[in-house]
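Chemist: quick one, structure for this:
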Amino acid sequence: MTEPLHNADDLPNPGPIGPTAIEPITPETVVEYIDGLAAFLGGAANVIMQLSLRPVGRGVLESTVDSGKVTLHPIKRLRTTLTYLAVALMGSEQERATYRDAVNESHRPVRSTSASPVKYNAFDPTLQLWVAACLYWGIDDLYTRMHGPMDPDAAEALYQYSARLGTTLQMQPEMWPANRAEFQRYWDENLPKRGIEPALRDYFDDLIDLKMLPRPIQFVFARLQRFFVTGLLPPHLRDEMRMTWTNDDQRRFDRLLRAISAVHTRLPRQARMFPFNAYMFDVRRRIRLGKPLV
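Modeler: Prediction:
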């Protein structure tokens, strides 16, 4: 039994902790641990963490696949990203394999050239390990912030299951750290090495401020999104993004998360799962009709 990834004394505990039974997690029962709201609250901060590994960031900056660029097709990019998460966590083995083939096709051109400052390849399993680690960390982080620390056995079961975030693509199962304690060592060793280069900072600022969306949406949501991104980023990445964060900001952030959680946990499960359940329905429809998946 390992220690949780977070210090529970520093985190709000507004509601029920969640599942405690030691049972294998399945695509049907993983819904107990994830919710759709977390994808909206933590998505941009998690993208910044993923791209703070320079080869991953350069792969996005230099990509020639215009159809997958959030700056050009923000709604489509949101759909494909959240559909990947839905399929990885909730899909059958056949659905995962089908979606892997579709993602592989879009990833095929994503590789460095002689002009690239670092070498990268979208099929590199070590890069996929970092992306999967960020995704898992984000799930655990927001769950803990909103609901309090998970039962240790349930937390370990969710961690083992979350290898699917990488193995749905090319990451081999043995690359996933053996348990949460090993993951913590991997995280503590690698996170301090990540950084934000100037070109990425500009890209992230536009992403955070929703510059790819109509001005009315920017006006309503950009300031709130910047607040959440700043609050969820690890401190050294926050500093490299030239963001400021005070103790008063932290208290406001914690109060806001408690309020959101108090409302969200009382919603019906189908409402809590949105948009993951909607994207899972959509990808199954697309598979059945032979429509493009990404």
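Chemist: please count neighbours and contacts with C-alpha atoms only from this point.
Modeler: Will do.
Chemist: most remote residue from this protein's center?
Modeler: Distance from the C-alpha centroid of the chain, by Cα atoms, centre = their mean, peaks at S114 (30.4 Å).
Chemist: next up, phi/psi of that one, please.
Modeler: Note on S114: backbone dihedrals following degrees, to the nearest 10 are phi -60, psi -20.
Chemist: for the stretch 1-150 of the chain, what spans make up the helices?
Modeler: Under the criterion DSSP state H, counting those that start in this stretch, the stretch 1-150 of the chain contains helices at 36-51, 54-61, 74-90, 93-107, 125-147.
Chemist: what mean pLDDT does the last one have?
Modeler: Mean pLDDT, helix 125-147: 95.
Chemist: buried sites along it?
Modeler: 125, 127-147 (16 or more other Cα atoms under 10 Å).
Chemist: show the contacting residues for the residue nearest to Y161 when sequence neighbours are not counted.
Modeler: Using Cα to Cα, 6 or more residues apart in numbering and skipping the chain neighbours, the partner closest in space to Y161 is I25 (6.6 Å). Going by Cα atoms under 8 Å, 6 or more residues apart in numbering, I25 touches 157-158, 161.
Chemist: count the residues that sit near R288.
Modeler: 9 (other Cα atoms under 10 Å).
Chemist: okay, and it sits in which element?
Modeler: helix 276-289 (DSSP states H and E).
Chemist: what's near enough to touch the closest residue to V118 other than its chain neighbours?
Modeler: Distance criterion Cα to Cα, 6+ apart; nearest residue to V118, sequence neighbours excluded, is P55 at 6.1 Å. Shown in contact with P55 (Cα under 8 Å, 6+ apart): 118-120, 127.
Chemist: and what of N46?
Modeler: Applying Cα under 8 Å, 6+ apart, the residues near N46 are 134-135, 138, 233.
Chemist: look up how far N247 lies from it.
Modeler: From N46 across to N247, the span is 22 Å (Cα to Cα, to the nearest Å).
Chemist: helix/strand/coil for N190?
Modeler: Taking DSSP: H, G, I helix; E, B strand; the rest coil as the rule, one finds N190 in the helix state.
Chemist: how far away is it from R226?
Modeler: Distance from N190 to R226, by Cα to Cα: 25 Å.
Chemist: more neighbours, the two?
Modeler: Neighbours per residue (other Cα under 10 Å) separate N190 from R226, with R226 holding more: 19 against 12.
Chemist: wait, that one sits on D209?
Modeler: Yes: applying Cα atoms under 8 Å as the test, R226 and D209 come out as touching, 6.9 Å apart.
Chemist: returning to that earlier point: other SSEs contacting the helix holding R288?
Modeler: helix 74-90 (3 or more Cα pairs under 8 Å, 6 or more residues apart in numbering; DSSP states H and E).
Chemist: how far off centre is the helix it packs on?
Modeler: 10 Å (Cα atoms, centre = their mean, to the nearest Å).
Chemist: what's the mean pLDDT across that helix?
Modeler: 92.
Chemist: direction-wise, compare it with helix 125-147 and give the angle.
Modeler: For helix 74-90 and helix 125-147, the angle between their directions (axes from the mean of the first three to the mean of the last three Cα atoms, to 10 degrees) works out to 90 degrees.
Chemist: against which helices or strands is helix 74-90 packed?
Modeler: So helix 74-90, by 3+ Cα pairs under 8 Å, 6+ apart, packs with helix 93-107, helix 164-167, helix 276-289.
Chemist: deepest of those, which one?
Modeler: helix 164-167 (a mean of 23; mean count of other Cα atoms under 10 Å).
Chemist: using CSV, write down the CA coordinates of the helix holding R288.
Modeler: Output of helix 276-289 as CSV, limited to C-alpha atoms (Å, rounded to 0.1, in the frame of the first residue of the first chain):
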residue,chain,number,x,y,z
PHE,A,276,-17.2,11.3,-22.2
ASN,A,277,-20.4,9.4,-22.6
ALA,A,278,-21.5,11.5,-25.5
TYR,A,279,-18.1,11.0,-27.3
MET,A,280,-18.2,7.3,-26.6
PHE,A,281,-21.6,7.1,-28.2
ASP,A,282,-20.4,9.1,-31.1
VAL,A,283,-17.3,7.0,-31.7
ARG,A,284,-19.4,3.8,-31.6
ARG,A,285,-21.8,5.3,-34.1
ARG,A,286,-18.9,6.3,-36.4
ILE,A,287,-17.4,2.8,-36.2
ARG,A,288,-20.7,1.3,-37.1
LEU,A,289,-21.3,3.6,-40.0
